[in-house]
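Participant: Fold the following for me, if possible:
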Amino acid sequence: MSKVIMVQGTMSNVGKSLLVGGLCRIFAQDGWKVAPFKSQNMALNSFVTKEGLELGRAQAMQAECAKVSPSVYMNPILLKPTNDVGSQVIVNGEVVGNMSAREYFSYKKKLVPDILAAYHKLEEWADIIVIEGAGSPAEINLNKDDIVNMGMARLVDAPVLLVGDIDRGGVFAQLLGTLELLEKEDRKRVKGLVINKFRGDKSLLDSGITMIEDMGGVPVVGTLPYVPLMIDDEDSLSERLDNRRYQQDGSILLAVVRLPRISNFTDMAPFETIPGVTVRYVTDLKELDAADMVIVPGSKNTISDMKWLIESGMESAIKRFAKEKPVVGICGGFQMLGKKIFDPHGVENDANEGDSFKEIRGLDLLPMESVLQTQKHRSQTAGRFSNLSNVYGALSKEAFLGYEIHNGNSSLCQNGSVSGQESLKSVDVIQEDEAGNVILLQKENIFGTYVHGIFDQGELAYKLMKALADQKHVELKADALDYRALKDAEYDKLADVLRKNLDMEFVYSLWK
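Facilitator: Next comes the predicted model:
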């Protein structure tokens, strides 16, 4: 049997995903075969395995920390919200269907065999399994049917580290309140407390730590400092939205349209690592004026987000911007760049007010139409850029590697644009997959693709930003960098921080 440890939190966004990732990297550095695991994840940020199966992006990140390939067994249940009260339910990497919160609450206990089967698959090869909880184990109204926090810990008899976020304030109340609300047997599972995101003089915490250890009867085994890291977890979008995390004085400004149902925002991560480049998430059309490039990202509900673009005035602003400067669309954003989007099967009905939106106009920046399909396309995609033009010429003939995850396909319009005055000859580059599906189009200032992570490989992001800086006649004060190598170095940095501030001797002692 594999050794197991579980990380739970006092609430969302306390740093569970990164702590699990850091532990995975430490155990891997120490010579163990390690697997991350999260029984149920709720996120719009997902990843596709080599087998074409879908799992949470955080577990893919944790697998990278563990130096193993991501597997759907690491996240057997993925919930992708479609609206405020419902989600698409994905089990073992495949879509089961859409359910309301109440429907899923009644259904989820039936998934326990799938959870255990996935966990046991990891046990076949892993020496250590590091489990991540979700939200808080102290949601007393949900505990009876829990499958992701203490319910999961009970299934595999896992010791638990409980993490609180001091950056939000009230960390002692978080930790002690959580312990007080746990059932007696579950409270015994909590072996250590961890205070995360601390800034300042650690000695000032000493008296509080002594008191909470006395009151809670559980030792504080780590006080982790707030360290900016270029590592993505499920909740990192919240920091992006107020633009606290990234530089504000870059030579190049990328404006990412903050769609209401934005997904796979990690596509922007390679640009965020480049000194001199500022990435800003925008909702106000006036914020586009100063940008050097606009990116329309992925969306869980493309038609609804296209409707928002129209109603907010962002549609007109993007079209004006595109006459002079580059616009990039990825996945759902790619579909929005076209002439029209059709939903004949009601794929997005849950978010589109019943059957009232069977089609919607797009931005009309690329001569194509997209038709949503009931069957989701999932694949890892490798290729090489054709001879691109404009600023994208810096990517010509370069290899790329990413993944596709979308409902629907796109095809070129035989009659060109809405006005009928453009022809297919106006498209500079058309790239298709082996089945003949369009996966990339480039026309003058406009670039669109279905491939997530297409700029992750090697120096692609840097080369594109360097070309943009050259076009603007400004200097990009950064050397070329390999984004994947940078990520791996960040994982090592995370492990170093944990080794210095978390009692790893205590962690290892949990298995004696």
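Participant: ok now whatever helix or strand N407 lives in, how far from the chain's centre?
Facilitator: Using DSSP states H and E, N407 maps to strand 399-412. Distance of strand 399-412 from its chain centroid, counting by CA atoms, centre = their mean, to the nearest Å, is 17 Å.
Participant: after that strand, next one along is what?
Facilitator: In N-to-C order, the element after strand 399-412 by DSSP H and E is strand 429-432.
Participant: Which residues outside the helix or strand just after that next one are in contact with it?
Facilitator: Downstream of strand 429-432, the first helix or strand assigned by DSSP H and E is strand 438-443. Contacting residues not belonging to strand 438-443 are listed as 334, 337, 365-368, 381, 383, 385, 388-390, 392, 404, 409-412, 426-433, 447-451 [CB atoms under 8 Å, 6 or more residues apart in numbering]. Backbone N, C-alpha and C define where each C-beta goes, glycine included.
Participant: follow-up on the earlier one: mean confidence for the strand holding N407?
Facilitator: Averaging pLDDT along strand 399-412 gives 91.
Participant: Tell me what angle that strand forms with strand 438-443.
Facilitator: 90 degrees (axes from the mean of the first three to the mean of the last three CA atoms, to 10 degrees).
Participant: how about the strands of the stretch 51-200 of the chain, start to end?
Facilitator: With strands called from DSSP state E, counting those that start in this stretch, the stretch 51-200 of the chain shows them at 54-56, 77-83, 86-91, 94-100, 128-132, 160-165, 190-198.
Participant: Among those, which comes closest to R25?
Facilitator: Set against R25 and scored by CB to CB, these come closest in strand 128-132, at 10.2 Å.
Participant: Run me through the strand neighbours of the closest one, direction for each.
Facilitator: In the sheet, strand 128-132 lines up against strand 3-9 (parallel), strand 34-37 (parallel) (DSSP bridges).
Participant: and the residue lying closest to E398 once chain neighbours are set aside, how many residues sit next to it?
Facilitator: Nearest non-adjacent residue to E398, counting by CB to CB, 6 or more residues apart in numbering: F385, 5.3 Å away. By the criterion of other CB atoms under 10 Å, F385 has 21 neighbours.
Participant: same check, this time on M1
Facilitator: Per other CB under 10 Å, the neighbour tally for M1 reads 8.
Participant: check contacts around T10.
Facilitator: T10 touches S136, A138, L162, V163, G164, D165, V171, Q174, L175, G177, T178, counting by CB under 8 Å, 6+ apart.
Participant: cool, and P81?
Facilitator: By CB under 8 Å, 6+ apart, the neighbours of P81 are M42, L44, S87, Q88, K300.
Participant: which ones are touching the residue nearest to the first one when sequence neighbours are not counted?
Facilitator: Using CB to CB, 6+ apart and skipping the chain neighbours, the partner closest in space to M42 is L79 (4.2 Å). L79 sits next to Q40, N41, M42, A43, S87, Q88, V89, I90, Y104 when contact means CB under 8 Å, 6+ apart.
Participant: again, but for G15
Facilitator: Counting by CB under 8 Å, 6+ apart, G15 has contacts G9, V163, D165, N196, K197, L224, D233.
Participant: how about 10 Å then?
Facilitator: 7, 9, 21-22, 163-165, 167, 194, 196-197, 224, 226, 233, 235 (CB atoms under 10 Å, 6 or more residues apart in numbering).
Participant: Repeat that for L224.
Facilitator: Taking CB under 10 Å, 6+ apart, we find L224 in contact with 15, 18-19, 22, 163, 166, 194-198, 494, 497-498, 500-502.
Participant: again, 7 Å this time
Facilitator: V194, I195, N196, F198, V497, N501, L502 (CB atoms under 7 Å, 6 or more residues apart in numbering).
Participant: Widest-spaced pair of those?
Facilitator: Farthest apart among the contacts of L224 - using CB to CB - are I195 and V497, which lie 13.5 Å from each other.
Participant: Who has more neighbours out of the two?
Facilitator: Applying other CB under 10 Å to I195 and V497 shows that I195 carries more neighbours, namely 27 against 16.
Participant: Which of the helices or strands spans the residue nearest to the more buried one when sequence neighbours are not counted?
Facilitator: Spatial nearest neighbour of I195, chain neighbours left out: T223 (4.6 Å); criterion: CB to CB, 6+ apart. Following DSSP H and E, one finds T223 within strand 220-225.
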